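In: After the sequence you'll find the predicted model.
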Amino acid sequence: MSNRPPSGWIDRAIHAPTSVAVGVILILLFGFISLLRIPIQLTPDVDQPRITVETRWPGASPVEVEREIVDKQEKQLKSIEGLTRMTSESQDSSATVVLEFGIGTDIDASMLRVANKLKQVQEKPPLADEPTISNVDARSGAITWIVLKRLPGNERPIETYRDLCEDEIQPALERVEGVARSFLFGGTERELQVTVDPRKLSAFKLTVDELVAALRRENKNISAGDFDEGKRRYVVRTVGEFTTPEEVNNIVVAHRDGQVFHEPRRVACASDRQDRGDLGGDCSQWGQGFFTAAGRRAHGRHGGSKGWLAALRALAHASEYPRG
């Protein structure tokens with residue numbers, strides 16, 4: 001029996017050495033070209049899992065923010081499972097704590113642990129807001145900026161469009177895949193301001209705390225339960241939230257020795273106005289003013305530009321928005 005291998009492609013390769021040589025050269029050539037064009041990155045981009053805890057305390061100094069908020073939060077958060085690094089930043093009226101975790105950490109489970117730890121923080125300042133938790137690095141830059149301007153002929157002040165942006169535009173952008181949060185700068189908020197006259201307050205022997213307590217007490221909607229009348233069920237409630245300055249001026253401030261002190265207009269001035277406060281942004285720049293909305297991408301989610309274009313297209317065709 002012969003041990004000679006069956007004839008086939010080996011025999012054809014032996015009898016056609018030129019074709020084999022050309023094929024080998026082409027393979028080596030294309031391989032060399034591909035090697036030169038392959039991107040080489042010694043430090044590839046890796047999304048480090050981060051959780052940001054932000055707390056606002058209007059009017060507080062950075063020292064007070066660090067002592068009353070940041071230190072207490074760090075004391076509870078430092079024992080979270082998988083935490084590799086924790087940094088904090090105390091600013092005027094706000095506190096930010098950034099938690100970094102190892103690669104591969106379940107960010108959703110970690111956010112739940114962070115929320116449970118924050119519930120254990122005791123003695124939160126009464127005027128401080130509840131902390132907000134997000135899987136966005138507060139120090140990362142925005143991925144998109146959107147400017148809102150008035151159309152020619154529109155005389156309405158640009159800063160009065162903030163409510164429209166908060167109620168309609170901002171939620172639409174945050175529904176885009178990959179966008180974790182959007183920020184709105186500029187504009188004014190409608191509010192009722194009560195300006196106290198210290199001399200008149202002293203003349204009626206009242207204090208600022210009594211006036212503030214009266215405003216908080218009266219500015220509430222209280223539920224009174226429900227009752228059944230035949231086949232119908234009625235829900236009863238007392239509507240007391242202020243909507244006009246006149247309602248503020250008609251409340252009872254205090255009871256003292258059988259005497260009722262009412263009408264805050266005698267010691268203070270209530271007014272309805274647009275207040276910029278700490279919203280940021282100069283709405284008079286470039287002659288017209290502008291809003292800017294900055295979006296930040298969520299960890300591990302990439303929406304791309306198609307999602308932003310889809311959101312802007314939907315906003316442009318929304319018929320319920322006021323023209324201009």
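Out: Yep, it's here. The structure presented is a predicted model; accordingly, all values stated were derived computationally and were not measured. Numbers count the residues shown, from 1 in each chain.
In: rest of the way, CA atoms for contacts and neighbours
Out: Will do.
In: Could you list which residues are in contact with A13?
Out: Applying C-alpha atoms under 8 Å, 6 or more residues apart in numbering, we find A13 in contact with S19, V20.
In: Now it: which helix or strand?
Out: Assigned by DSSP states H and E, A13 belongs to helix 9-15.
In: Now do that helix, average pLDDT.
Out: The average pLDDT within helix 9-15 is 75.
In: Okay, domains of this structure per the record?
Out: Following automatic domain parsing, one gets these domains for the chain: 44-138, 141-188+276-324, 192-271.
In: The ones you listed: which one's closest to I33?
Out: Among the domains of the chain, the nearest to I33 by C-alpha to C-alpha is domain 44-138 (22.5 Å).
In: Return the distance of that closest one from the chain's centre.
Out: The chain centre lies 14 Å from the centre of domain 44-138; the measure is C-alpha atoms, centre = their mean, to the nearest Å.
In: before we move on, what about stretch 123-140?
Out: Its chain's C-alpha centre lies 10 Å from the corresponding centre of stretch 123-140 when counted by C-alpha atoms, centre = their mean.
In: Would you indicate which residues of stretch 155-164 are buried?
Out: Neighbour counts over stretch 155-164 (16 or more other C-alpha atoms under 10 Å) mark I158, E159, T160, Y161, R162 as buried.
In: no wait, stretch 244-252
Out: Applying 16+ other C-alpha under 10 Å to stretch 244-252 flags P245, V248, N249, I251, V252 as buried.
In: In CSV, list the domains of the chain along with mean pLDDT and distance to I10.
Out: Putting those into CSV (pLDDT from 0 to 100; distance: least, C-alpha to C-alpha, whole Å) gives the following:
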stretch, mean pLDDT, distance to I10
domain 44-138, 87, 44
domain 141-188+276-324, 63, 51
domain 192-271, 77, 92
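In: To L35, which of those lies closest?
Out: domain 44-138 (18.0 Å).
In: ok, G240 to K220 distance?
Out: Going from G240 to K220 by C-alpha to C-alpha, to the nearest Å gives 5 Å.
In: in the chain, which spans are helices?
Out: 9-15, 17-37, 62-65, 71-77, 107-118, 162-164, 170-174, 198-203, 208-218, 245-249, 304-316 (DSSP state H).
In: mind putting those in CSV, distance to S90 included?
Out: CSV is the format used below for the helices of the chain (distance: least, C-alpha to C-alpha, whole Å):
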stretch, distance to S90
helix 9-15, 75
helix 17-37, 47
helix 62-65, 5
helix 71-77, 10
helix 107-118, 17
helix 162-164, 27
helix 170-174, 27
helix 198-203, 33
helix 208-218, 28
helix 245-249, 36
helix 304-316, 32
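In: Looking at those helices, which is nearest to S93?
Out: Among the helices of the chain, helix 62-65 comes nearest to S93, with 7.1 Å by C-alpha to C-alpha.
In: Outside of that closest one itself, list whatever touches it.
Out: The contact list for helix 62-65 (C-alpha under 8 Å, 6+ apart) reads W57, S90, Q91, D92, S93, S94, A95.
In: Around the residue nearest to the last one when sequence neighbours are not counted, how many other residues sit close by?
Out: What that stands for is A95. Nearest non-adjacent residue to A95, counting by C-alpha to C-alpha, 6 or more residues apart in numbering: T55, 5.1 Å away. For T55, the count of nearby residues is 21 (other C-alpha atoms under 10 Å).
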